[in-house]
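Asks: let me see the structure of the following:
(one chain, ligands or ions: 1)
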Amino acid sequence: MTRVAVVGSYGVGLTFGVERVPERGESVIGDLFRTDHGGKGSNQAVGAARLGSVVTLLTAVGEDTFGDGALALWAEEAVDSSAVLRVPLPTMTAAILVERSGDNRIVIVPGALSALSPEHVDAFAPQIETADVLLVQLEIPLAAALRALEVARTAGVRSILNPAPAPPRPIAPVAEYLTPNETEAPTVAGARGTLVLTLGERGARIGDENVPAFPARVVDTTGAGDAFSAAFAVALAEGVSDLDAVRWGCAAGAHMVEHDGVVPGLPTRAQLEERLAVAV
Ligand code: RIB
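Replies: Model prediction:
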């Protein structure tokens, strides 16, 4: 069995549907409310576990009911959460106001995630060192993300940085692979590593090679990058060639965009193989 270590975020999305967002001092009655598991680290950990890797996750959640919900999700999805920190801060939440027109406004409170430090990553080093692949995103303090990549490099473990969300200033991390989308790519232009550029409905590019997208009836593109990075990581862990690993990523992304919500859209191994069998 392959092993993937993930250092990243967990958060809960609280979505409110409204005809229009309230003006200053105004209250409006909404017509939809939904809570969703999210956070790029957790999404990618669940995605890799569904594809058959043994996954261990380092993140931080609060000592609150959202933190309890996260642990229940990981137990259900067979993600090893024994290293997850519980801290006296609220679990990361995003309040998402969606107007009927589709426009949205989002407030994110990192809460517990702000406690994740390079020292916590050092304590997680044994899990990174025994993994086939380390997968990191940027929804956690940058110092913690960079330390995780450093631990992997020192141990000779393959690493993938999904530089999402885009950092406020350009960074030059050292990762074996980087998986930005077109918006994120300029922020890691100085990085060392193989660039795997995700291009949405145009597929992805690695070096000079273009990998076309798999056909998909798009419902919701949220989480496509998470599905891509998770599948790419599992493929590399299994020794698949770089080019085929990008195909795995595109197939997982196509599956995701056909589903509403992120966790429901992460493909199982059988669903991924079904997609990969479609000629593109
Ligand atoms: O990549 C999508 C994820 O980013 C969502 O699940 C949301 O939680 C944000 O973290």
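
Asks: OK, contacts around residue 38?
Replies: 10, 11, 12, 13, 94, 262 (Cβ atoms under 8 Å, 6 or more residues apart in numbering). Using the backbone N, CA and C atoms, a C-beta is placed for each residue, glycine as well.

Asks: now it: closest residue in space, sequence neighbours ignored.
Replies: Of all residues not flanking residue 38 in the chain, residue 13 sits nearest, at 4.7 Å (Cβ to Cβ, 6 or more residues apart in numbering).

Asks: confirm that the one you found sits in a helix.
Replies: No. Counting by DSSP: H, G, I helix; E, B strand; the rest coil, residue 13 is not part of a helix but strand.

Asks: how many other residues sit next to it?
Replies: 20 (other Cβ atoms under 10 Å).

Asks: does it really touch residue 98, like I thought?
Replies: No. If you go by Cβ atoms under 8 Å, residue 13 and residue 98 don't touch, sitting 10.7 Å apart.

Asks: so where is the stretch 101-250 of the chain shaky, pLDDT-wise?
Replies: Within the stretch 101-250 of the chain, not a single segment meets pLDDT under 70.

Asks: and the closest residue to residue 132 other than its chain neighbours, how many neighbours?
Replies: Using Cβ to Cβ, 6+ apart and skipping the chain neighbours, the partner closest in space to residue 132 is residue 237 (3.8 Å). Residue 237 has 23 neighbours, counted by other Cβ under 10 Å.

Asks: residue numbers of the stretch 151-280 of the chain in contact with the ligand?
Replies: The stretch 151-280 of the chain has residues 222, 223, 225, 226, 262 near the ligand, with proximity defined as Cβ under 6 Å from any ligand atom.

Asks: excluding its backbone neighbours, what's nearest the last one?
Replies: Counting by Cβ to Cβ, 6+ apart, residue 223 is the residue found nearest to residue 262 once chain neighbours are left out, at 3.4 Å.

Asks: so that neighbour touches residue 42, yeah?
Replies: No. With contact defined as Cβ under 8 Å, residue 223 does not reach residue 42; the gap is 11.0 Å.

Asks: who has more neighbours, these two?
Replies: residue 42 (30 against 26).

Asks: tell me which residues touch the closest residue to the more buried one other than its chain neighbours, please.
Replies: With sequence-adjacent residues excluded and distances taken as Cβ to Cβ, 6+ apart, residue 42 is closest to residue 10, at 4.1 Å. The contact partners of residue 10, taken as Cβ under 8 Å, 6+ apart, are 37-39, 41-42, 59-61, 70, 84, 91-92, 113.

Asks: just residue 191 next, same as before
Replies: Residue 191 touches 161, 163, 171, 172, 173, 174, 175, 178, counting by Cβ under 8 Å, 6+ apart.

Asks: mind checking which of the residues you listed land in helices?
Replies: Nothing among those maps onto helices, per DSSP state H.

Asks: by neighbours, which of the residues you listed wins?
Replies: Highest count within the contacts of residue 191 by other Cβ under 10 Å belongs to residue 161, 28 neighbours.

Asks: if I look at that one, how far off is the ligand?
Replies: Distance of residue 161 to the ligand, given as Cβ to the nearest ligand atom, to the nearest Å: 15 Å.

Asks: residue 150 now?
Replies: Residue 150 is 24 Å from the ligand, by Cβ to the nearest ligand atom.

Asks: shouldn't that residue be within a strand?
Replies: No. Using three-state DSSP, the secondary structure at residue 150 is helix, not a strand.

Asks: coming back round to it: and the pLDDT for the residue nearest to residue 38?
Replies: On the pLDDT scale, residue 13 is placed at 96.
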